[in-house]
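Participant: Show me how the following folds:
(one chain, ligands or ions: 1)
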Amino acid sequence: MSKPSILVARAVFPQIVDRLAQHFEVETNPSDEVWDKAGLIARLQGKVGAFTTGSERIDAEVLAACPQLKIVANMAVGYNNFDVAAMTAAGVLGTNAPDVLTETTADFGFALLMATARRITESEHFLRAGKWNKWAYDMFSGCEVHGSTLGILGMGRIGQGVAKRGAHGFGMNVIYHNRSRLTPELEAECQARYVSKEELLRSADHLVLVLPYTPASHHAIGAAELAQMKPTATLINIARGGIVDDAALAQALRERRIAAAGLDVFEGEPQVHPELLTVPNVVLTPHIASATVGTRLAMANLAADNLVGFLTQGKPLTPLNPQVLAR
Ligand code: 8YV
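Facilitator: Sure thing, here's the model as predicted:
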């Protein structure tokens with residue numbers, strides 16, 4: 001019997017492709033080109049499964065053009081590249097890759113917070129440019145981290161990881177806002193206090209965004225929200241581009257209406273708003289919060305496990321629309 005065919009839409013670890021090849025005919029993308037919609041549809045012809053990353057959008061048009069598709073496994077916890085309702089309507093299972101990246105991503109959130117508060121990249125650029133010719137008492141003075149107020153918007157698993165690092169490691173006063181409040185046990189574990197979004201914006205010395213991107217969270221931080229923040233505050237985005245209005249943020253940074261920002265995700269990435277590239281008080285990284293070898297391998301293995309589990313036994317590990325399984 002011939003093996004079912006799947007598409008691995010971006011370059012991944014060779015050992016993951018080898019694993020998948022034990023079960024499937026695998027078409028890969030050796031040049032790692034990011035295909036446009038027509039390119040993706042063309043490669044998906046005849047495939048029952050797809051291994052995707054955040055760069056492949058699976059919507060009604062793609063689904064209509066690929067009627068044999070049964071599962072799309074995302075190598076990411078976020079799945080805003082999936083139209084889950086359209087997938088469910090088409091009877092296509094979607095899976096994501098939660099949990100395996102939680103601690104690594106929380107580590108990075110803290111790294112970005114520290115780099116932003118303590119002006120690490122800005123001062124390194126100064127040094128590399130040969131501008132350091134004497135010590136000065138006020139050179140690159142930053143914002144205090146220990147003992148300050150850490151605000152977290154979006155208190156899922158990664159938000160909780162950031163909270164614990166702040167509370168236990170840096171003695172921070174942790175406040176959060178989320179669609180739903182944590183249980184008292186989880187609040188105690190994170191030493192975090194639930195507040196309104198207004199209080200979060202007003203009180204945070206460092207505001208970390210860790211919420212999923214949905215139509216409701218589009219521009220959750222725009223000019224009005226930035227205006228409510230302390231002029232000494234920092235803003236850290238490790239969630240998704242589009243949650244912050246990048247144009248409004250660039251203006252707020254330029255006018256020093258907040259002290260600094262640390263951004264790992266951008267509206268329309270890999271494009272970056274040109275204004276953000278010219279303001280000095282922002283730390284910019286190319287969507288690398290989960291990027292350690294171990295974690296990226298775990299994410300890829302989980303996506304592969306979902307494909308193998310579903311296509312060989314009808315049992316995916318982390319389904320997003322399990323109602324498809326009941327059909
Ligand atoms: C991924 C991420 O690396 O998991 C997520 O949601 O943002 C990152 O960890 C990225 O989405 C590529 O798939």
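Participant: Domain ranges for the protein, per the record?
Facilitator: 5-100+293-326, 102-284 (automatic domain parsing).
Participant: Export these as JSON lines, with columns for mean pLDDT and distance to the ligand.
Facilitator: Using the backbone N, CA and C atoms, a C-beta is placed for each residue, glycine as well. Converted to JSON lines, the domains of the chain look like this (pLDDT from 0 to 100; distance: least, Cβ to the nearest ligand atom, whole Å):
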{"stretch": "domain 5-100+293-326", "mean pLDDT": "98", "distance to the ligand": "3"}
{"stretch": "domain 102-284", "mean pLDDT": "98", "distance to the ligand": "7"}
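Participant: Now tabulate these in CSV and tack on mean neighbour count.
Facilitator: Below are the domains of the chain laid out as CSV (neighbours: other Cβ atoms under 10 Å):
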stretch, mean neighbour count
domain 5-100+293-326, 18
domain 102-284, 18
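Participant: does the residue most central in space within the chain sit in a helix, a strand or a coil?
Facilitator: The chain has A239 as the residue nearest its centroid, 4.0 Å off, counting by Cα atoms, centre = their mean. Using DSSP: H, G, I helix; E, B strand; the rest coil, the structure places A239 in coil.
Participant: For it, give me its contacts.
Facilitator: 78, 154, 209-213, 265 (Cβ atoms under 8 Å, 6 or more residues apart in numbering).
Participant: Count residues in the vicinity of the residue in the stretch 101-250 of the chain positioned nearest to the ligand, would you?
Facilitator: Closest to the ligand within the stretch 101-250 of the chain is L101: 5.4 Å, counting by Cβ to the nearest ligand atom. A count of neighbours around L101, defined by other Cβ atoms under 10 Å, yields 24.
Participant: As a check, name the ranges of all strands in the stretch 1-150 of the chain.
Facilitator: Using DSSP state E, counting those that start in this stretch, the strands of the stretch 1-150 of the chain run over 5-8, 25-27, 49-52, 71-74, 93-95, 149-153.
Participant: which residue ranges form the helices in the stretch 101-250 of the chain?
Facilitator: 102-117, 120-128, 157-164, 170, 184-190, 197-203, 223-228, 246-254 (DSSP state H, counting those that start in this stretch).
Participant: which non-adjacent residue is nearest the residue nearest to the centre of the chain?
Facilitator: L209 (4.6 Å; Cβ to Cβ, 6 or more residues apart in numbering).
Participant: Is it correct that that neighbour is in contact with I236?
Facilitator: Yes: L209 is within contact range of I236, at 6.7 Å (criterion: Cβ atoms under 8 Å).
Participant: got a pLDDT number for the residue of the stretch 101-250 of the chain closest to the ligand?
Facilitator: Reported pLDDT at L101 in the predicted model: 98.
Participant: Please report how far it lies from A300.
Facilitator: 11 Å (Cβ to Cβ, to the nearest Å).
Participant: can you point me to the longest helix in this structure?
Facilitator: helix 293-313 (DSSP state H).
Participant: Could you tell me which other helices and strands that one packs against?
Facilitator: helix 14-21, strand 49-52, strand 71-74, strand 93-95, helix 102-117 (3 or more Cβ pairs under 8 Å, 6 or more residues apart in numbering; DSSP states H and E).
Participant: how about those, which one is nearest A204?
Facilitator: Nearest to A204, of all those, is helix 102-117, at 11.1 Å by Cβ to Cβ.
Participant: Can you give the contact residues for that closest one?
Facilitator: 120-121, 142-145, 157-158, 160-162, 164-166, 169, 206, 208, 210, 234, 236, 238, 260-264, 282-283, 285, 288-292, 294-295.
Participant: how big is the angle separating that helix from strand 149-153?
Facilitator: Relative orientation of helix 102-117 and strand 149-153, computed by axes from the mean of the first three to the mean of the last three Cα atoms, to 10 degrees: 130 degrees.
Participant: Run the angle between helix 102-117 and helix 293-313 for me.
Facilitator: 150 degrees.
Participant: mind exporting helix 102-117 as PDB, just the C-alpha atoms?
Facilitator: The C-alpha coordinates for helix 102-117 follow below in PDB (Å, rounded to 0.1, in the frame of the first residue of the first chain):
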ATOM      1  CA  THR A 102       6.400  27.800  27.600                       C
ATOM      2  CA  GLU A 103       9.600  28.100  29.800                       C
ATOM      3  CA  THR A 104      11.900  29.000  26.900                       C
ATOM      4  CA  THR A 105       9.600  31.700  25.700                       C
ATOM      5  CA  ALA A 106       9.100  33.100  29.300                       C
ATOM      6  CA  ASP A 107      12.900  33.100  29.600                       C
ATOM      7  CA  PHE A 108      13.100  35.200  26.400                       C
ATOM      8  CA  GLY A 109      10.400  37.500  27.600                       C
ATOM      9  CA  PHE A 110      12.500  38.200  30.600                       C
ATOM     10  CA  ALA A 111      15.700  38.600  28.600                       C
ATOM     11  CA  LEU A 112      13.900  41.200  26.400                       C
ATOM     12  CA  LEU A 113      12.600  43.000  29.500                       C
ATOM     13  CA  MET A 114      16.100  43.200  31.000                       C
ATOM     14  CA  ALA A 115      17.700  44.200  27.700                       C
ATOM     15  CA  THR A 116      15.100  46.900  27.300                       C
ATOM     16  CA  ALA A 117      15.100  48.200  30.800                       C
END
